[in-house]
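In: Pasting the sequence and the predicted model now:
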Amino acid sequence: MTQTAPTMLQLTRHGDEGHVVELALDRPEALNAISTAFAEEIATVTGRLAADPTVRAVVLTSTHPTSFCVGADLKERNGFTDADLMAQRPVTRGAYGGVLALPVPAVAAVEGYALGGGMELALSCDLIVAGERATLGLPEVSVGVVPGGGGTQLLTRRVGWSRAASLIFTARKVPADEAGRLGVVDEVVPAGSARERALALAALVARHSPVGVRNAKRAMRLGSDVDLTTGLEVEDACWRATAFSGDRREGVAAFAEKRAPRWPGI
């Protein structure tokens, strides 16, 4: 079922109960470059998805066959004053932050170019599937800025300091196979099939306890950058939030009765 879409996004629900939501970037004339208006829409829609208890997984795709997203709209920025750039900053942060803050797993399906802010949108997801002809990179230093949509932080956490430094400092663009070897992307699939694979992963996620999956993501995100003792406390809090839920009771009952669970969810 396809819902009414904003100007530069297509929103589609998948599956019999619509638990998987595909969010397709749809500004093909600009290769999905992120303008101020586009950033506002991404922030608004991801905020709405985050508040929807029926959503169990989100897949971020593109309607353009050879461009996931080429990053910031530099044509728009070329006319900016310093004041304009500062005014835009919280808007763009809201777009990347909206994807990053989704409480359910998010999977990026990258075909073609994912550069600058486009790569940062993908990095804001939990999993990245790339078609074998995809090209990824954070070239910001080549135009006098730094990755500002989470790239310096998210890429470093994904691949480690030295690999992230090599990519960011050199502004180098890498093909999908190298991105896979470096750990920038999680899976490399035949060209044109990234969306199909990402939707399949999301459908698999959506089969499981929505309470369990949300709390597992919360534990992983909140516990990833703290010491082990603190992380285990974070995990324990998320375990408690799940263990005394209707989902836990239904999961145990379904296992005992040898049937598929009917999750009550949140």
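Out: Looks like it arrived, so ask away. Note that this is a predicted model, so its numbers are computed, not measured.

In: looking just at contacts, which helices and strands does the helix or strand of the chain with the lowest mean pLDDT meet?
Out: When each helix and strand of the chain is scored by mean pLDDT, DSSP states H and E, helix 74-77 comes last, with a mean of 93. Under the contact definition 3 or more CB pairs under 8 Å, 6 or more residues apart in numbering; DSSP states H and E, helix 74-77 sits against no other helix or strand. C-betas here are computed from N, CA, C, even on glycine.

In: try it again with 10 Å
Out: The contact analysis (3 or more CB pairs under 10 Å, 6 or more residues apart in numbering; DSSP states H and E) places helix 74-77 against helix 36-50, helix 82-100.

In: what angle separates the longest one from helix 36-50?
Out: Translated: helix 82-100. Per axes from the mean of the first three to the mean of the last three CA atoms, to 10 degrees, the angle that helix 82-100 makes with helix 36-50 is 30 degrees.

In: any idea of the mean pLDDT in helix 82-100?
Out: Predicted confidence along helix 82-100 averages 97 (mean pLDDT).

In: packing partners for the helix or strand just after that helix?
Out: Toward the C-terminus, helix 82-100 is succeeded by strand 106-110 as the next helix or strand (DSSP states H and E). Strand 106-110 is packed against strand 20-25, strand 57-62, strand 67-69, helix 82-100, helix 117-123, strand 127-131, strand 187-189, helix 194-206, with contacts defined by 3+ CB pairs under 10 Å, 6+ apart.

In: If you count neighbours, what's buried in the helix or strand hosting Ala219?
Out: Per DSSP H and E, Ala219 falls inside helix 210-223. Using 16 or more other CB atoms under 10 Å as the burial criterion, the residues of helix 210-223 that qualify are Pro210, Val211, Gly212, Val213, Arg214, Asn215, Ala216, Lys217, Arg218, Ala219, Leu222, Gly223.

In: And for stretch 121-141?
Out: 121-140.

In: Show the average pLDDT along that stretch.
Out: 98.

In: care to break this structure down by domain?
Out: Domain ranges of the chain: 9-206, 210-256, per automatic domain parsing.

In: In the protein, where is pLDDT below threshold?
Out: 1-6 (pLDDT under 70).

In: quick one, what contacts the residue positioned nearest the centre of it?
Out: For the chain, Cys125 is the residue whose C-alpha lies nearest the centre (CA atoms, centre = their mean; 2.1 Å). Neighbour list for Cys125: 58-60, 99-100, 102, 105-110, 154, 186, 198 [criterion: CB atoms under 10 Å, 6 or more residues apart in numbering].
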